[in-house]
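[1] Predicted model and sequence follow; I will ask about them next.
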Amino acid sequence: IFDMFVVFSSIIEIVLSSLASSSLSMLRVGPQLARVLRILRVSRLLRLINKYKGLQALIQTITFSISSLLNVFALLLLVFFIYAVLGVFIFNDIKYGEVISDYRNFHDFGQAMLILLVISTGEDWNMIMYDCSRTPPDCIEGET
């Protein structure tokens, strides 16, 4: 019965998505209903967990490791917090550079956390380092 319900909901979702792209504005349905139907289609995978012991062991291992992963995430967040506060105090005066701009800077805590996230992904970290290491005579007084 569950499989039949999922198949019918998938067919309804396909019909509704084709109606949403058509020119009939009266029959358009919001995207929330389509999302719910997609989730129902994915829920068929949950039935596989009960059938395969290897998949059950994998899910159980992931469940047991979630608390350890949360501890690692909390430690990483603490390190980011410390470096964001230091970045605001040390690099607050840097106005512009090749990468440092109005959107990527150390002017406040939120911006510092965002730029640290960018640095941690490896995107332009060396250019940010060069922008932050500018010293006189390379920088303009008051517009560093």
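    Received, thanks. Numbering: from 1, shown residues only.

[2] what packs against the longest helix along the chain?
    Assignment by DSSP state H gives helix 53-91 as the longest helix of the chain. On a contact count with 3 or more CB pairs under 8 Å, 6 or more residues apart in numbering; DSSP states H and E, helix 53-91 meets helix 44-51, helix 109-120. All C-beta spots, glycine's among them, are computed from the backbone N, C-alpha and C.

[3] what about the last one, average pLDDT?
    The one in question is helix 109-120. Average pLDDT, helix 109-120: 92.

[4] quick one: buried residues of it?
    111-113, 115-116, 119 (16 or more other CB atoms under 10 Å).

[5] now the residues you listed in a markdown table, with distance to residue 100?
    Output for these, formatted as a markdown table (distance: CB to CB, whole Å):
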| residue | distance to residue 100 |
| --- | --- |
| 111 | 10 |
| 112 | 12 |
| 113 | 15 |
| 115 | 8 |
| 116 | 13 |
| 119 | 12 |
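
[6] picking that back up, how about the helices and strands packed on helix 53-91, which one is nearest residue 5?
    helix 44-51 (10.1 Å; CB to CB).

[7] same question for that closest one, mean pLDDT?
    72.

[8] Residue 111 contacts residue 102, doesn't it?
    No - Residue 111 is beyond contact range of residue 102, at 9.2 Å (criterion: CB atoms under 8 Å).
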